[in-house]
Structure formats: C-alpha cells, structure tokens
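Chemist: Quick one: sequence and predicted model below, then my questions.
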Amino acid sequence: VTWTPPAGSGYVAADSRRQQSKQHFGSEENSGGEIPTHSQIIDFANACQAKYSHGAALIYVSANIGTRANETFVLTADRKIYEQGLGNFVDLGARKVLVSWQYNTSNPDEPKPTKTKTRRTTVIPFVENIATGFDVFEWMKNRSEEALKEQAEGTNPLALLFPNRFGKVHKLHSFTDVVIHPASDSLGWKMPAYYDAAGKALHMYRFSLHSMR
C-alpha cells in the first residue's frame, strides 16, 4: 500500500535516518556515517551498560557476531532449547553461534525462522581480531555458565544470554524505549524533530541497535 498525502497538504515525507544523520552530524564518508566507528561502539556499549546489566555485551556481540536484534535476544546456552526451536545456541565447543530463529512479536512464546529460512552458523571471533578489544568468546563462556545456573534456579527458563528482568525474551520496541534511546540521548545522538502528516514532532537517532551489525 502506497500512502499519498492529501492534495494541498504540503506534507513531505521525512528523510531516512541515515540521510538525517548525514545532514545533522556531517561525515567525510560517502555513506554519511551510517557505520559506527570503533570508538562510537565503545561509547554506545558503555551507555547501554548503564541502562541494562548486559548492555555493553549486547552491543559488542551485535557488532562482532552480526545477528539481528531479534536473533540476539534469543541466544541460549542450552542446546535443547535450540533443538526445540526456542533459541539460537551458543556452541562454545565449536566456537560458533547457530542461528535459526528470531523473536516472534506476533507470538512471543514461539520464535519464528530467520529471514534466511535456513540454519546458518556464525563464528565467534578471536579477541585479536576485535578492534574494540572486547573478548566476545570469553564473555559468552562466562555468561553461558551463569545462564545455565539461572535456568536451574528457575529465573531464566530458556537459559538466555540476554534475558529481560523477568527472565524472558526482550521485546525490541520496549528495549529500544528503555535502553537504546536513553543511551543515545546521553551521547547526544538524538536528531532534530521531523513531523508526521498530523504535524506531530518525532525524532530519529544517529544509530540504532541494528546499526551495530
């Protein structure tokens, strides 16, 4: 469906986030600064850590593993959970993440297949190859042990690496409101207002969680 503004309204659709970012922040790159620098990733990780107990690791994992947010939110330390189609297994023995599922917003109790529709594996990089110096593998190893203990205690049934405070899967919309946008605000990444067709002021941010990929 293509929406057409009423004749004579003068409404003009807002520029994309990337274009707004280029206009507001400027960039020497042809891409308009759509790809965050290593220092920006570190700053964002620290800001997210202040809002969520695993916030920094979430940013570093997203940047180095390349999973989408709704795939990252269902990373699990339990292979059985993966085999049941309820999460993406962090296979430490093979140094890989098995990505087959993403969070299903229409039915949160049942993840759906990823957009690729086939299983794919992502190698966990060695820290020597990570420019920010964050050891993703070591963090995943320690966090997996914690997640399995939480599962045994009943506080994290799916042994998620990034559970919400109730031990369940994060919803991207609410996570963005509670963590991503406040963290972005603290870094000065909120861009000037643009307006919808009803004249309501809205804002975009320099980067999104998806940008970390």
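Modeler: That came through, no problem. Residues are numbered from 1 along each chain as shown.

Chemist: any residues touching stretch 95-113, and which ones?
Modeler: 65, 67-68, 70-71, 73-75, 82, 85-91, 114-115, 119-124, 137, 168-172 (Cβ atoms under 8 Å, 6 or more residues apart in numbering). In this view, the C-beta of every residue, glycine as well, is placed from N, C-alpha and C.

Chemist: and if we set it to 7 Å?
Modeler: For stretch 95-113, contacts defined as Cβ atoms under 7 Å, 6 or more residues apart in numbering pick out 65, 67-68, 70-71, 73-75, 82, 85-91, 114, 119-124, 137, 169, 171.

Chemist: Next step: those restricted to helices.
Modeler: Using DSSP state H, the subset of these located in helices is 65, 70-71, 82, 137.

Chemist: The helix-or-strand element of the chain with minimal mean pLDDT packs against which elements?
Modeler: One helix or strand of the chain scores below all others by mean pLDDT, DSSP states H and E: helix 17-25, with a mean of 74. Here helix 17-25 touches no other helix or strand, going by 3 or more Cβ pairs under 7 Å, 6 or more residues apart in numbering; DSSP states H and E.

Chemist: Could you give me the buried positions within it?
Modeler: 17-18, 20-22 (16 or more other Cβ atoms under 10 Å).

Chemist: Kindly format the C-alpha coordinates of stretch 61-72 as CSV.
Modeler: Output in CSV follows, covering the C-alpha atoms of stretch 61-72 (Å, rounded to 0.1, in the frame of the first residue of the first chain):
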residue,chain,number,x,y,z
VAL,A,61,28.0,-9.2,20.4
SER,A,62,25.8,-7.4,17.8
ALA,A,63,28.8,-5.7,16.3
ASN,A,64,31.0,-8.8,16.1
ILE,A,65,28.6,-11.6,15.6
GLY,A,66,26.3,-9.7,13.2
THR,A,67,23.0,-11.1,14.4
ARG,A,68,19.8,-9.1,14.2
ALA,A,69,18.4,-7.8,17.5
ASN,A,70,15.5,-10.3,17.5
GLU,A,71,18.0,-13.1,16.8
THR,A,72,20.4,-11.9,19.5
